[in-house]
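[1] need a structure here:
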Amino acid sequence: MKICISADHGGFDLKKIIIDHVKSLGFEIDDLGEKEIDLSDDYPDTTKLVAEAISSKTYEKGIVLCGSGVGASVVANKFKDVRAAICHDTYSAAQGVEHDDMNVICLGGRIVGEALAKEIVSEFLGSRFISEDRFIRRKEKLDQIEKENLL
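    Numbering: from 1, shown residues only. Modelled structure (predicted):
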């Protein structure tokens, strides 16, 4: 599985921890963002890097961080074929993938601590979409809404 990550200054320190954790799980992860903290960066710019990579199918899953996770979620969902959500608990991280085929997780670097962030990311990466009729039907509806509303 190809995984990418980016963060603005609000999530930068947690990003480094998550990268190490993802590697410890045996996955490869590419940091599409800055390698040094930039206190003047903006979450739309850093999130866009991951959202474009997921939309173009260059990567299968993405992780984006900002201070709260809110801005990153708003930006990521502006891109075709990106299904992003803030997940600050393990249940949502797994259920979002299993039921909604979520492919980008958004975390708040000022909200979630290191230990919980690792658990959340583990659930996100370890979960797979459940191909039951009800979940497929809902995903098709999401795809139709996206088709009708994204330019």
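[2] hey, which helix or strand in this structure has the poorest pLDDT?
    Least confident helix or strand, the chain: helix 133-149 with a mean of 91, by mean pLDDT, DSSP states H and E.
[3] Measure how far that one is from the centre of its chain, please.
    Distance of helix 133-149 from its chain centroid, counting by C-alpha atoms, centre = their mean, to the nearest Å, is 19 Å.
[4] Put the alpha carbons of it into CSV.
    Output in CSV follows, covering the C-alpha atoms of helix 133-149 (Å, rounded to 0.1, in the frame of the first residue of the first chain):
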residue,chain,number,x,y,z
ASP,A,133,-24.5,-4.1,-0.5
ARG,A,134,-25.4,-1.3,1.9
PHE,A,135,-21.8,0.1,1.9
ILE,A,136,-21.5,-0.2,-1.8
ARG,A,137,-24.8,1.5,-2.4
ARG,A,138,-23.8,4.4,-0.1
LYS,A,139,-20.4,4.8,-1.7
GLU,A,140,-22.2,4.9,-5.2
LYS,A,141,-24.4,7.7,-3.8
LEU,A,142,-21.3,9.6,-2.6
ASP,A,143,-19.7,9.2,-6.0
GLN,A,144,-22.9,10.5,-7.7
ILE,A,145,-23.0,13.5,-5.4
GLU,A,146,-19.3,14.2,-6.1
LYS,A,147,-19.9,13.9,-9.9
GLU,A,148,-22.8,16.3,-9.7
ASN,A,149,-21.1,18.9,-7.6
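[5] hmm, who's touching that helix?
    80-81, 83, 98-101, 129 (C-beta atoms under 8 Å, 6 or more residues apart in numbering). C-beta: built from backbone N, CA, C; applies to glycine.
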